[in-house]
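Engineer: Quick check, what structure comes out for this input:
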Amino acid sequence: MAKNLVIVESPTKAKTISKFLSKDFKVESSFGHVRDLPEKKLGVDVDNNFEPTYTITAKGKKRVDELKKIADKVDTIYYATDEDREGEAISWHLAQIFKTPIKETKRITFHEITETAIKDALKNPRTIDLNLVDAQQARRILDRLVGYKLSPFLWKKIAKGLSAGRVQSVAVRLVVEREREIQAFKSDEYWEIAGDFLSKKSPDHISAKLHKISGKNLDKLAVKSQAEADAILAELKETKYQVAEIFNKQTKRNPLPPFTTSSLQQEANHRLGYSAKQTMMLAQQLYEGVEISGQSTGLITYMRTDSFNLSEKFISEATEYLKKNLGDNYSRSQRFKTKSKGAQEAHEAIRPTSAFLTPQDIENHLDKKQFKLYQLIWQRALASQMAPAIMDSTIIDITDSSEKYTFRANGQIIKFDGFIKIYPLSLKDELLPELEKGDKTECLSITPTQKFTQPPARYSDATLVKAMEEKGIGRPSTYAPTIATIIDRGYIDRTEDKRLQPKEIALLVNDMLVKHFPDIVDYDFTADMEKSLDEIAEGKKDWQPVIKAFYGPFKENLVLKEHELDKKELTETQTDEKCEKCGSPMVIKIGRYGKFLACSNYPTCKNTKKLGSDGQEKAEPVLLDEKCPECGSPLTVRKSRYGSFKGCSNYPTCKYIKKENIAGPDIDCPKCKEGKVVTKRSRKGIFYGCSRYPDCNFAFWGKPTGEKCPECGWPQVETKKGTKCSNKECDNS
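Structural biologist: All right, here's what the predicted structure looks like:
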């Protein structure tokens, strides 16, 4: 019979830890939070110092009963939940359920799930930190007050089903304001002038851009029109050129610090295309442990952190690995300072649990996405302990005979690759010929290129996380859930190029909140609240006064706006169109799913019409000759965020969708010889398969080139490594 109970949140984490401990320890999972504010009522006594009422969650009741039975039979309970505020709160809730006095609790924390870390933690237990618990409670209560009070207000004044949140509404504001910047952007024309030069000393061409006119550096918009560009070309028509200046400089590119939560989400989005939510899910799996040679092994340290610290043990391991595998000149031990003043979430950066556990060593034990993320983390952590990359940079200025126009060519040579040997960057050698000042050059051509300034790009997961971090909105544990929430709640769409675009309803809700509830969506106010939560966690503030200072003005304003705002004024726009059913004026309304035309005589007349994204009435769908196999109605072409598809015109009564993409490749199925190869979509992305599925299960991932394999006749497909055959049994695959 085990004498000790260790409680963690995750069953995977429990499985990994149990491998390190003797039979005296029983490791169990709570499956996350088991106690929370009630689902169907506020659960906060606003008249009694904001005292919360906690209840055991519906999904947690059975687990709590099981844990109680186990707890009654052991001598000691170790609370081993995550080391951030959320984990501290879970441990506190469990201690409350078990009726364990706080002074008697044994709380253990660890930054990595390794045998050494777990056993060291068991030797040094502490009590539950009530300051961290209070900070989590304050955040939870704040979010409940905003959500529980403001969401019903939105239902009454705008549309049912809407939600508001203290952090999510600020994130929506960021996306909306970026969209408005894009809409208001006016593109400016400018011309870039480049020359192609050749010296007798070298056969290599020199590509240079016009850099100065009359000694003055050109800004981007200096040449505004074709007429101005042509005038410059006319002056340069009969001139001669020579090298005016040559500048040589050695530059260093220092390695980046190891990953924090924010930088990991950004880099995984840039390099791997992962969303913030997906990155954190994969990182959690790597942290909790995966099966390697029959042993569950934690691969990375805790992934919710804003610290750059690395353990001395890891720095020593990294140094040893680098010297052994790359040489002494590649190793340079470094310690990075954390910039964030409120870096309280964890104590170390995200790194592999061992520098010697290379991605290649464990590739066969991970799925493709886990492997790519682990490789990124391993490379970044090792690279942080490496020498800088050293480059020889060269600048050559070429002038015309009058010395009025100066063209500049830039080149660089990577003399020592340093950290980029492990953590590749988009750097490459750009060679310039060896010339001397005064050398004559021949101008082969001068080319003017018309360009236009571009609007700012919509946010991606990476750039939104960066903006939230810069403005102090949220903390490492909240970035990914916030982005997921604003998409799930119907405010934001993810476009085909994975950018974040606000829906019509987001614009309306944001404008209303900015005008009537400015504090809720104010960047500085939200950042100051995060600082207050940090101070609660540090024991510098009590949590109730922080809540009180927020709730008083918030409630007063909410009551005022209940009487002041009218739903029709917020959501309806008059039109000249008349209802064809009753003759009343039609109005443009906005609901949760966008704008639509509706009869002003509602509810007596319930006539409505759909509007397109341009605000114009949607045309009737074009009916196809093909019949729906389920109800016999004609099929029609519809569009979704994933492209065109064929569906029943009797939707929503009939929800039949033809399982093919009408723009699929026109290739006969090589397996059954009867069907066509069509484009399909799954959770993992686009793939190609037989139109006769499930009768024929032929499928492949690479995009067809339209050509057939010369060996077997199957479709050729595009891959990252070039063109190959889709037939796995073919030698060309």
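
Engineer: can you list the domains in this structure?
Structural biologist: 4-128, 138-185+457-564, 189-254+389-452, 261-383, 568-610, 667-725 (automatic domain parsing).

Engineer: roughly how far is the fifth one from the heart of the chain?
Structural biologist: So the one you mean is domain 568-610. 38 Å (Cα atoms, centre = their mean, to the nearest Å).

Engineer: what's the straight distance from one end of that domain to the other?
Structural biologist: 19 Å (Cα to Cα, to the nearest Å).

Engineer: rewinding a little: could the domains of the chain go into TSV alongside mean pLDDT and distance to Phe645?
Structural biologist: Glycine gets a C-beta too; all of them are placed from N, C-alpha and C. As requested, the domains of the chain are arranged in TSV below (pLDDT from 0 to 100; distance: least, Cβ to Cβ, whole Å):
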stretch	mean pLDDT	distance to Phe645
domain 4-128	93	36
domain 138-185+457-564	93	15
domain 189-254+389-452	93	35
domain 261-383	90	24
domain 568-610	88	18
domain 667-725	78	9
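
Engineer: what would these look like in CSV with mean neighbour count and distance to Asp625?
Structural biologist: Output for the domains of the chain, formatted as CSV (neighbours: other Cβ atoms under 10 Å; distance: least, Cβ to Cβ, whole Å):
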stretch, mean neighbour count, distance to Asp625
domain 4-128, 17, 51
domain 138-185+457-564, 18, 29
domain 189-254+389-452, 15, 44
domain 261-383, 19, 39
domain 568-610, 15, 24
domain 667-725, 15, 18
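
Engineer: and those as JSON lines, adding distance to Ser649?
Structural biologist: Listed next are the domains of the chain as JSON lines, based on distance: least, Cβ to Cβ, whole Å:
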{"stretch": "domain 4-128", "distance to Ser649": "40"}
{"stretch": "domain 138-185+457-564", "distance to Ser649": "25"}
{"stretch": "domain 189-254+389-452", "distance to Ser649": "42"}
{"stretch": "domain 261-383", "distance to Ser649": "34"}
{"stretch": "domain 568-610", "distance to Ser649": "14"}
{"stretch": "domain 667-725", "distance to Ser649": "21"}
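
Engineer: Just tell me which of those domains ends up closest to Val637.
Structural biologist: domain 667-725 (14.8 Å; Cβ to Cβ).

Engineer: Give me the distance between stretch 179-197 and the centre of its chain.
Structural biologist: 28 Å.

Engineer: Need the CA coordinates for it. CSV is fine.
Structural biologist: What follows is stretch 179-197, C-alpha atoms only, in CSV (Å, rounded to 0.1, in the frame of the first residue of the first chain):
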residue,chain,number,x,y,z
GLU,A,179,-8.5,46.2,-40.2
ARG,A,180,-9.6,49.8,-40.1
GLU,A,181,-5.9,50.9,-40.8
ILE,A,182,-6.0,48.6,-43.9
GLN,A,183,-9.3,50.0,-45.1
ALA,A,184,-8.2,53.6,-44.6
PHE,A,185,-4.8,53.0,-46.3
LYS,A,186,-4.2,55.0,-49.4
SER,A,187,-1.5,53.5,-51.6
ASP,A,188,1.3,55.8,-52.9
GLU,A,189,3.1,55.2,-56.2
TYR,A,190,6.9,55.3,-56.2
TRP,A,191,9.7,54.2,-58.5
GLU,A,192,12.8,52.2,-57.7
ILE,A,193,15.7,52.7,-60.1
ALA,A,194,18.4,50.0,-60.3
GLY,A,195,21.5,49.7,-62.4
ASP,A,196,23.5,46.7,-63.7
PHE,A,197,27.2,47.4,-63.9
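
Engineer: how far away is the residue lying closest to Ser275 once chain neighbours are set aside from Asp143?
Structural biologist: In space, and not counting its chain neighbours, Ser275 is closest to Asp461: 5.0 Å by Cβ to Cβ, 6 or more residues apart in numbering. Asp461 is 22 Å from Asp143, where distance means Cβ to Cβ, to the nearest Å.

Engineer: One more: Pro603?
Structural biologist: Counting by Cβ to Cβ, the gap from Pro603 to Asp143 is 35 Å.

Engineer: try Glu312
Structural biologist: Taking Cβ to Cβ, one finds Glu312 at 38 Å from Asp143.

Engineer: before we move on, what about Ala537?
Structural biologist: 16 Å.

Engineer: for Phe110, same thing?
Structural biologist: 28 Å.

Engineer: One more: Asp493?
Structural biologist: For Asp493, the distance to Asp143 equals 24 Å [Cβ to Cβ].

Engineer: Secondary structure element holding Gln450?
Structural biologist: strand 440-452 (DSSP states H and E).

Engineer: Same check on Lys252?
Structural biologist: Using DSSP H and E, Lys252 sits in strand 241-253.

Engineer: by contact count, what packs against that strand?
Structural biologist: Using 3 or more Cβ pairs under 8 Å, 6 or more residues apart in numbering; DSSP states H and E, the elements in contact with strand 241-253 are strand 189-199, strand 389-400, strand 405-416, strand 440-452.

Engineer: Sheet partners, orientation included, of the next helix-or-strand element following the first one?
Structural biologist: Counting by DSSP H and E, the element after strand 189-199 in chain order, helix or strand, is strand 205-213. Sheet pairing here is set by DSSP bridges, and for strand 205-213 it gives strand 189-199 (antiparallel), strand 216-217 (antiparallel), strand 405-416 (antiparallel).

Engineer: any idea of the angle strand 205-213 forms with strand 241-253?
Structural biologist: Angle between the axes of strand 205-213 and strand 241-253 is 90 degrees (criterion: axes from the mean of the first three to the mean of the last three Cα atoms, to 10 degrees).

Engineer: can you list contacts of strand 205-213?
Structural biologist: 192-199, 217-218, 222-223, 232, 396-398, 404-409, 432-433, 441, 444 (Cβ atoms under 8 Å, 6 or more residues apart in numbering).
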